[in-house]
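[1] Coordinates only, no sequence provided:
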Ligand code: AMP
Ligand code: MG
């Protein structure tokens, strides 16, 4: 009941916020009073707020009422399908659930072409991040109970105790993308196979929303009647097309020190994806210590660096999400190098309050 009330409250705040047409990156759906409020909603803007993939989905599209309402329905069906049929590790209807259930199985598990491409990209990021970004941390993220922190409300947070050193050691022994074997399909009509060692479990939480942005982008491209759209998935943002008055999309970058405000605004035109990872997005406290949701695969504890938040700007949703997590883990110096290697723009908010960004990001960012 409490949770239901919370979702309604968040929805109401966002709906109000939509009326200034702005969105914010970072903050898992806590999109309050966002943006700089510098333009008004135009007549053809339609808005819709709902929940899917465990987060708040906020959509604004420029289209006729009929086209917009058909699009909203299709978008929600796409997101629900992505969660239920592909990504969820909780639902036995999903492909990830089946892969996890096959861990230790000598025959492995056959996977779809889409899953093969997704896993290949994640394994590549594992290598290029020096093992910091690791989708096999399922045993560890479950031990920390991360997904319950947000969904379970105050009771879960109050009862929280960090895992013991022994529990962490055991869970860490089950992780490691270097022990995943992905065998590509060799001939047409054949499926690729994945082999996980006993006890290993995938957790695609670091890329799920980004993949969703990529899929939504494809849906918008197919939908001739939508001239412009901005969609926020709990703080991962997709912009598409333009507004009738030609002004740019405004995406606020959340201030990690005061999440009701922004450190600055990105002004974007056309199709872009912005994802943010931060230590303020999901966390719990026990005995005065704060624990956040991005884990260091070497120690099993929340990653520590001088970075409080990282935002990635790129055309590719999956990359924006994966790299925001990876760059958070690597810190600003190595994260900057990785972003450059991948050809994406990056912005770090550091723990001393300073902002460091790639050269290309400067063209889009206005500090507040
Ligand atoms: P994001 O908010 O996109 O940075 O993703 C954070 C989520 O990714 C967490 O809630 C976990 O499900 C998962 N995760 C945590 N640590 C890691 C890691 N080192 N590598 C990959 N995924 C992680
Ligand atoms: Mg991510």
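    Cool, got the structure. Just so we're clear, the structure is a prediction, and the values are computed from it rather than from any experiment. Ligands and ions are numbered 1, 2, ... in the order given.
[2] Can you find the residue of this structure that comes nearest to ligand 1?
    Ligand 1 sits closest to residue 205 of the chain, with a gap of 2.6 Å, by C-beta to the nearest ligand atom. (Glycine included, C-beta is placed from N, CA and C.)
[3] so what's the closest residue in space to that residue that isn't next to it in sequence up against?
    Distance criterion C-beta to C-beta, 6 or more residues apart in numbering; nearest residue to residue 205, sequence neighbours excluded, is residue 141 at 6.8 Å. Counting by C-beta atoms under 8 Å, 6 or more residues apart in numbering, residue 141 touches 147, 203, 205, 293, 295.
[4] let's see 10 Å
    Taking C-beta atoms under 10 Å, 6 or more residues apart in numbering, we find residue 141 in contact with 89, 147, 171, 175, 201, 203, 205-206, 293-295.
[5] hmm, the one helix or strand it maps to touching ligand 1?
    Secondary structure from DSSP states H and E places residue 141 in helix 138-144. Yes: Helix 138-144 lies within reach of ligand 1 by C-beta under 6 Å from any ligand atom, at residue 141.
[6] for that helix, the distance to its chain's centre please.
    Taking the mean of its C-alpha atoms, helix 138-144 sits 18 Å from the chain's own mean (C-alpha atoms, centre = their mean, to the nearest Å).
[7] next one: stretch 99-114
    Here stretch 99-114 is found 24 Å from its chain centre; the criterion is C-alpha atoms, centre = their mean.
[8] Centre-most residue in the chain?
    residue 209 (4.0 Å; C-alpha atoms, centre = their mean).
[9] right, and the secondary structure at that one would be what?
    helix (DSSP: H, G, I helix; E, B strand; the rest coil).
[10] Let's see the pLDDT reported for it.
    Per-residue confidence at residue 209 stands at 97 (pLDDT).
[11] isn't it right up against residue 56?
    No: counting by C-beta atoms under 10 Å, residue 209 does not reach residue 56; the two are 11.3 Å apart.
[12] Identify the contacts common to these two.
    With C-beta under 10 Å, 6+ apart as the test, residue 209 and residue 56 both reach 28, 232-235.
[13] Among those residues, show me the least confident.
    Out of these, that is residue 28, at 46.
[14] and the helix holding residue 141, which residues are buried?
    138-141, 143-144 (16 or more other C-beta atoms under 10 Å).
[15] Equivalent analysis for stretch 246-253, please.
    Within stretch 246-253, the residues that count as buried by 16+ other C-beta under 10 Å are 248-253.
[16] For the stretch 1-150 of the chain, which residues are neighbours of ligand 1?
    For the stretch 1-150 of the chain, the residues in contact with ligand 1 (C-beta under 6 Å from any ligand atom) are 132-135, 137, 141, 146.
[17] could I get the residues you listed as JSON lines with secondary structure, distance to residue 188 and pLDDT?
    Compiled in JSON lines, these are given as follows (DSSP: H, G, I helix; E, B strand; the rest coil; distance: C-beta to C-beta, whole Å; pLDDT from 0 to 100):
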{"residue": "132", "secondary structure": "coil", "distance to residue 188": "36", "pLDDT": "98"}
{"residue": "133", "secondary structure": "coil", "distance to residue 188": "32", "pLDDT": "98"}
{"residue": "134", "secondary structure": "coil", "distance to residue 188": "32", "pLDDT": "98"}
{"residue": "135", "secondary structure": "coil", "distance to residue 188": "28", "pLDDT": "98"}
{"residue": "137", "secondary structure": "strand", "distance to residue 188": "34", "pLDDT": "98"}
{"residue": "141", "secondary structure": "helix", "distance to residue 188": "36", "pLDDT": "97"}
{"residue": "146", "secondary structure": "helix", "distance to residue 188": "40", "pLDDT": "91"}
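[18] Just give me the neighbour total for the spatially closest residue to residue 86 that is not a sequence neighbour.
    For residue 86, ignoring the flanking residues on the chain, the nearest one in space by C-beta to C-beta, 6+ apart is residue 95 at 5.1 Å. Number of residues near residue 95 (other C-beta atoms under 10 Å) recorded here: 20.
[19] picking that back up, mind checking which of the contacts of residue 141 land in helices?
    Members of the contacts of residue 141 lying in helices (criterion: DSSP state H): 147, 171.
[20] out of the contacts of residue 141, who's nearest ligand 2?
    residue 206 (4.1 Å; C-beta to the ion).
[21] Next, count neighbours for the closest one.
    Residue 206 is flanked by 26 other residues according to other C-beta under 10 Å.
[22] Tell me how many other residues surround the closest residue to it other than its chain neighbours.
    Excluding the flanking residues, the one nearest residue 206 by C-beta to C-beta, 6+ apart is residue 325, at 4.0 Å. By other C-beta under 10 Å, 26 other residues sit near residue 325.
[23] quick one: is the helix or strand encompassing residue 325 near ligand 2?
    Assigned by DSSP H and E, residue 325 belongs to helix 317-342. Yes: shown here: helix 317-342 in contact with ligand 2 (C-beta under 5 Å from the ion) through 321, 324-325.
[24] Sketch out the helices for the protein, chain order is fine.
    Using DSSP H, helices in the chain cover 2-18, 65-81, 95-101, 113-128, 138-144, 146-151, 153-159, 165-173, 208-222, 317-342.
[25] Point out the most buried one among these.
    Across those, the average number of neighbours (mean count of other C-beta atoms under 10 Å) peaks for helix 317-342, which reaches a mean of 23.
[26] Walking through the stretch 251-368 of the chain, point out its strands one by one.
    Under the criterion DSSP state E, counting those that start in this stretch, strands of the stretch 251-368 of the chain are mapped to 262-268, 272-278, 283-286, 289-292, 307-314, 345-350, 355-357, 365-367.
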